[in-house]
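>>> What shape does this take:
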Amino acid sequence: MYFSKPIRQHLIYKSALKMRRGRIRAENLAVIDRMIEIFGNKIPYLESYRDKLVPLVHRTGRYLDKLIDLIPGPVVLDPDQWDRDPVINSICESGKQTSELLTDSKLLTQFFQDSSADVAFALLTAEKKEKTVFVSEKFGEIFRRDVLKKAIFFKRHQVSAPSSVLTETRAQVRYQLFADLFAMVAEKISDLKEFKARLEMQLDEAVAKMALYADGSDKKKEFDALHKTIEGKIKSIETLLKSPKDYVAHLHDLLQKPKLQLSAKPVSFKLNKMGIELKGSSTERANEFSLAEFELSSGKKWVATWIRVDRSFFKPF
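Below is the predicted model:
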């Protein structure tokens, strides 16, 4: 029996669509399983809602992919290039610090020990710091020594997610961003439990003090009112953690709007050799480059770029 061409094409399309959906589902379940492995004890009943979390994780993953696309690079992280590469020259204080950043990285060392790859791709992150400084500046024929400027420097450098291909490094970073989001939920649940435990201690203290005073006394009434207030607070927390669904609801709410918890944007820099921020119109020699800046709702910020590291920098293993 022969199918017409439109019918055959339709069947091929349906088959391809089914395979694609299956692949996407498997990828999202892999993310969920990874998060269960890390947070299973901190977010109770997570495994029970594994399948139901797939659509939310899928949408969140698409959002995280957009943030990851903002990361520039890769930059060749080579101490010998420190005085010539604008990114390395600005992020690291010296060629020596660049060298120490590489040699102190246990992840990079372990990667080259375990792999025969000639290069490693990784993520370099750092905290951007700012301070105001007084500098000397010439305005026409006038030379001033008290010009207020903003200096930018970088601290707490970290190399993570090394791999032989950039796509795998991206995948590892994606997992880490998911972990940052899940960690927020785990912390919220932990805080609620700790708060409930503190309230229960206060309730016990109120009960003990009530027994010291006669019925009808002002003190008795005062502690009775306190007792009722604390009981009300405990009950409100219990409604948030009453059933398995309540625990996962905290994660559901966060994954519905991940942009409220995690954001990123491209940031451009124009810095002179002292790290002083220059105006776009400045003709002074400067390092001009871009990074991606990430921010959590907690206020934590970091800048990021992809890097490439050659095996030749490391001693033979």
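>>> This structure: helices as residue ranges?
Secondary structure of the chain by DSSP state H: the helices cover 5-39, 54-68, 86-91, 95-103, 106-114, 166-210, 218-240, 244-256.
>>> Please give the centre-to-centre distance between stretch 307-317 and its chain.
Offset of stretch 307-317 from its chain centre (Cα atoms, centre = their mean, to the nearest Å): 27 Å.
>>> buried set for that stretch?
Buried residues in stretch 307-317, counted by 16 or more other Cβ atoms under 10 Å: 307-309, 311, 313-314. C-beta coordinates here come from the backbone N, C-alpha and C atoms, glycine included.
>>> ok, of those residues, which one's closest to Lys128?
Ile307 (16.7 Å; Cβ to Cβ).
>>> Please report the distance of the closest one from Leu203.
Ile307 sits 54 Å away from Leu203, taking Cβ to Cβ, to the nearest Å as the criterion.
>>> what ranges of the stretch 1-150 of the chain fall below the confidence cut-off?
1-20, 22, 133-147 (pLDDT under 70).
>>> Let's see that with 90 instead.
1-26, 40, 44, 73, 80-81, 83-84, 93, 103, 130-150 (pLDDT under 90).
>>> Phi, psi for Lys300 please.
phi -70, psi 130 (degrees, to the nearest 10).
>>> residues contacting Lys196?
Lys196 sits next to 234, 237-238, 241 when contact means Cβ atoms under 8 Å, 6 or more residues apart in numbering.
>>> Now the buried members of those.
Here, 16+ other Cβ under 10 Å leaves 234, 241 buried among the contacts of Lys196.
>>> and which of the contacts of Lys196 is nearest Ala117?
Looking across those and measuring by Cβ to Cβ, the closest to Ala117 is Leu241, at 46.6 Å.
>>> Quick check, the closest one in contact with Ser190.
No - in this structure Leu241 lies outside contact range of Ser190 using Cβ atoms under 8 Å: 10.9 Å.
>>> count of residues packed around the residue nearest to Leu56 when sequence neighbours are not counted?
For Leu56, ignoring the flanking residues on the chain, the nearest one in space by Cβ to Cβ, 6 or more residues apart in numbering is Leu255 at 4.2 Å. Per other Cβ atoms under 10 Å, the neighbour tally for Leu255 reads 22.
>>> Check the gap between Leu255 and Gln81 for me.
When Leu255 is compared with Gln81 (using Cβ to Cβ), they lie 41 Å apart.
>>> Equivalent analysis for Pro244, please.
From Pro244 to Gln81 the distance is 54 Å (Cβ to Cβ).
>>> and what of Trp306?
Trp306 is 16 Å from Gln81, by Cβ to Cβ.
>>> Equivalent analysis for Pro162, please.
With Cβ to Cβ as the criterion, Pro162 and Gln81 are 19 Å apart.
>>> Kindly report the same for Lys220.
77 Å.
>>> And for Asp118?
17 Å.
>>> Likewise for Ser268?
Ser268 is 21 Å from Gln81, by Cβ to Cβ.
>>> Thr229 too?
In terms of Cβ to Cβ, Thr229 sits 64 Å off from Gln81.
>>> same question, Pro258
36 Å.
>>> quick one: which of the two has more around it?
More crowded of Pro258 and Gln81, by other Cβ under 10 Å: Pro258, with 20 against 15.
>>> pretty sure that one contacts Asp65?
No - taking contacts as Cβ under 8 Å, Pro258 lies outside contact range of Asp65: 11.6 Å.
>>> Look up the residues forming beta bridges with the closest residue to His157 other than its chain neighbours.
The shortest distance from His157 to any non-neighbouring residue, by Cβ to Cβ, 6+ apart, is to Ala126 (4.7 Å). Beta bridges link Ala126 to Val303, judged by DSSP bridges.
>>> Now do the contacts for Ala126.
Taking Cβ under 8 Å, 6+ apart as the criterion, Ala126 is in contact with 91, 154-158, 302-303.
>>> Of these, which is the nearest to Lys106?
Gln158 (11.1 Å).
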